[in-house]
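# For reference, the sequence and a predicted model appear below.
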Amino acid sequence: MRHYSALLYSTVTILALSSLLSCTKLSIQSEADNDVKMSLVAECSETKTSNDGISTIWSDADQINLIHSSVQGGNFFSETFTHQSGTTFTGSIRNVQSVNNWYAFYPYDRAHSDPNSIAFTVSHHQVQEGNDSKSHLSGEDFPLYGQKTDVALSSSLSMSMQNVLSVADFCITNDHSSPITIQSIEFSSVCPIAGEFVGNFTGSHPEFTPCRSSGTTVELSINKAEAIAPEASAHFFVGLLPHSIPAGSKLSVRITATINGSDASVLLTKTLPSDASFKSGKIKTINLAFNLQGEWQSATHNLENEQVGKFLDAAEELYTDDNYKLVSVAVLYCLGCSSSNRLDAPAPVKLSWDSSIGGLRTVRIYRDIFLTELEMETLVQRNSVDIMNLTPGRRYNYEVLSEDGALLSAGTFTTAGRRRMIKVSDKFDDNHANNFRDLGGLKTVDGKQVKYGKLFRGTNVDKATQREKDYLKGYLNVGLDVELRTYPTSSLGDDVDFINGNYTGKFYEFRVGLENGQFKKIFAKIVENLAKDKSAYVHCRVGADRTGYVCILLLSALGVSPKDCSIDYELTSFSIVGLHPRNSILSIMCREGLNYINSYEGDTYQHKAWNILKDYGVPQEQIDAFCEMMLEDAQ
């Protein structure tokens, strides 16, 4: 019987017995009928990979199939090798050539005579002993295979054997207020993952064909399960046939648990946003949360800092589309902004874990449950980290790794918030892309939502560090610098597209007939950039007035209400720029901008904004394309 500490591979070496090594080369007559005694050594190995190594312990009853053929093709010959002691197996081979292809399989099956057609079974019903245990990933239920081709008989043969199956590691976080005890997990995929299969192991990767008894569901029962405290996690491992799942496929996991003495069952479903693969010999972690709502959710982090949250609450209650000249509450919440109290920054997602291992930790945040779509990565020395600038309304998964790749922690969380504030720089001035926010998340009057990560606004970047510029162009995917001042070149560098506005800061410059023709070019550049799946950064000097009106016009064209446009304008008050109330005569770009749009011809506020754009020279087709690329169904 074999037992694993994790799925990986062990090294297998086939050598002639000492009685055959009196010569420097092993010489065997081609097509000889005489048996040649050999030993097969399955060495216990520890290797540093994402799976933390393997420990293989053999018992006296274990046997292995060793199959070989000539490299020119022809018949396969299968021999039985029996465990002798330690990691050594012995047996005899026949019909050997001077150059051979070799294949090894565990467990032994007398029917295994052709590596093109190896039958094996993946159990539909598996049992795990306790939380976090991998002891069931062993024995004859978890076969091994090895392959070595084009090997001269005169040399020693070294073969790596690895697991045929893949394993799904369900990391379940208790999202309930009481302890839970997991009783069973039922996983359903879109293609056969359990039952009887036939494998072809002669290629670079195994290929599998399902038989009649195969199915798309595996159930794992947990014996001696331990209670999981609220917000704590435990791991449960399910063996699967290796397979790939295309984007758009729907997976489901049913978790049955005991809560306060009663059993509860929750069905979780997920449509994959991208392709996912379960590979032979690999463990893939799937982060889940158990909650009675039946959703893939976990702890929720509100990304609004406290003062911005209070302001949004008050503004949403007191503001209307028509009272922007009369009412403002920004002054009640925006005072006290400083370098040590950044009110233009989001609230961080705080993650922590327990570990006595020293050195740096790598924290990786992913957008998908299979940990393939990396959102961001950071290094820390301590057992905690603050994650900044994530997108509200998203589910994220994370893992924490030690310097040598050991998994220290993993989990999942969701984010909430009505605005995406972004902290780019630690420097508290207006030359480092501060007063920075995403225009995404704003709702339209017809039930749509502005997409996140498409349009950003903020201050200039004249003195931004290279790290800050790289952050905009990398993580925030900025491909267009919309410079509303008269600057002739981009401070972000030559590797972004650029257009300036030549606006001096007077509202009359934006009136149809006086506007210098640049807005038509700016709008075209934004649409062109969106079509390339890149984001745009709109700014002037401090990102308040010129930037404020341009963003009001763009949001209005998308169907955002005057009320919400003015709230976004007032968020500048929470930055180094200072108070910018929507009702002040000093906030002329907001007051006059909204007045101007409202005074224009059109059946709706949105159509009035469209008509301004068309009088600037923007064609309706371009406006439609802008709306199509910027809007999605509201979440």
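Looks like it came in fine.

# Give the buried residues for the longest strand seen in the chain.
Counting by DSSP state E, the longest strand found in the chain is strand 73-85. Neighbour-count burial for strand 73-85 flags 76-79, 81, 83 (criterion: 16 or more other C-beta atoms under 10 Å). Where you see a C-beta, it was placed from the backbone N, CA and C, and this is true even at glycine.

# Give the other helices and strands that it contacts.
strand 63-70, strand 88-93 (3 or more C-beta pairs under 8 Å, 6 or more residues apart in numbering; DSSP states H and E).

# Relative to C171, tell me which of those strands wins on proximity.
strand 63-70 (33.7 Å; C-beta to C-beta).

# Pull up the pairing partners for that closest one, direction included.
Taking DSSP bridges as the criterion, strand 63-70 sits next to strand 73-85 (antiparallel), strand 99-106 (antiparallel) in its sheet.

# can you list the ones you listed in JSON lines and add mean pLDDT and distance to E375?
Formatted as JSON lines, the strands paired with strand 63-70 follow (pLDDT from 0 to 100; distance: least, C-beta to C-beta, whole Å):
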{"stretch": "strand 73-85", "mean pLDDT": "86", "distance to E375": "48"}
{"stretch": "strand 99-106", "mean pLDDT": "88", "distance to E375": "40"}
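
# List just the nearest of the buried residues of strand 73-85 to P488.
F76 (73.4 Å).

# so what's the closest one up against?
Applying C-beta atoms under 8 Å, 6 or more residues apart in numbering, we find F76 in contact with 67-69, 113-115.

# Drop anything exposed from those residues.
For the contacts of F76, buried by 16+ other C-beta under 10 Å: 67-69, 114-115.

# Spell out which two among the residues you listed are the most distant pair, please.
H68 and D114 (11.7 Å).

# and Y537, which of the three is it?
strand (DSSP: H, G, I helix; E, B strand; the rest coil).

# That one is in contact with L480, isn't it?
Yes: in this structure, Y537 is within contact of L480 by C-beta atoms under 8 Å, at 7.0 Å.

# Comparing the helices and strands packed on strand 73-85 by mean pLDDT, which bottoms out?
When the helices and strands packed on strand 73-85 are compared on average pLDDT, strand 88-93 comes out lowest at a mean of 80.

# now, among the contacts of F76, which is nearest to A416?
Distances from A416 to the contacts of F76, taken by C-beta to C-beta, are shortest for P115, at 53.4 Å.

# residues contacting the closest residue to the closest one other than its chain neighbours?
Sequence neighbours aside, Y103 is the residue nearest to P115 in space, at 4.2 Å (criterion: C-beta to C-beta, 6 or more residues apart in numbering). Y103 makes contacts with 65-68, 115, 145-147, 201-202, as judged by C-beta under 8 Å, 6+ apart.

# Could you export these to TSV, including columns for distance to A609?
Shown next, in TSV, are the contacts of Y103 (distance: C-beta to C-beta, whole Å):
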residue	distance to A609
N65	73
L66	76
I67	73
H68	76
P115	68
Y145	64
G146	67
Q147	65
F201	64
T202	65
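
# Can you flag the buried ones in those?
65-68, 115, 145-147, 201-202.

# Of those residues, which is the nearest to A264?
Y145 (40.3 Å).

# Would you confirm that the closest one contacts A104?
Yes: Y145 is within contact range of A104, at 6.9 Å (criterion: C-beta under 8 Å).

# any shared contact partners between the two?
M161.

# give the contact list for the nearest residue to R364 once chain neighbours are set aside.
Nearest residue to R364 in three dimensions, chain neighbours excluded: E377, at 4.9 Å (C-beta to C-beta, 6+ apart). By C-beta under 8 Å, 6+ apart, the contact set of E377 is 362-365.

# among these, which are in strands?
362-365.

# Weed out the non-buried ones from those residues.
Among these, the ones that count as buried (16+ other C-beta under 10 Å) are 363-365.

# quick one, helices of the stretch 501-635 of the chain?
518-531, 546-558, 562-570, 588-599, 605-616, 620-630 (DSSP state H, counting those that start in this stretch).

# for the shortest one, the distance to its chain's centre please.
Using C-alpha atoms, centre = their mean, to the nearest Å, the distance from the centre of helix 562-570 to the centre of the chain it belongs to is 33 Å.

# where does this structure dip in pLDDT?
1-57, 154-157, 291-298 (pLDDT under 70).

# re the thing from before, of the ones in strands among the contacts of E377, closest to N583?
Distances from N583 to the ones in strands among the contacts of E377, taken by C-beta to C-beta, are shortest for I365, at 39.9 Å.

# circling back to that earlier point, kindly present the ones in strands among the contacts of E377 as JSON lines, with separate columns for distance to G493.
As requested, the ones in strands among the contacts of E377 are exported to JSON lines (distance: C-beta to C-beta, whole Å):
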{"residue": "T362", "distance to G493": "28"}
{"residue": "V363", "distance to G493": "28"}
{"residue": "R364", "distance to G493": "27"}
{"residue": "I365", "distance to G493": "26"}
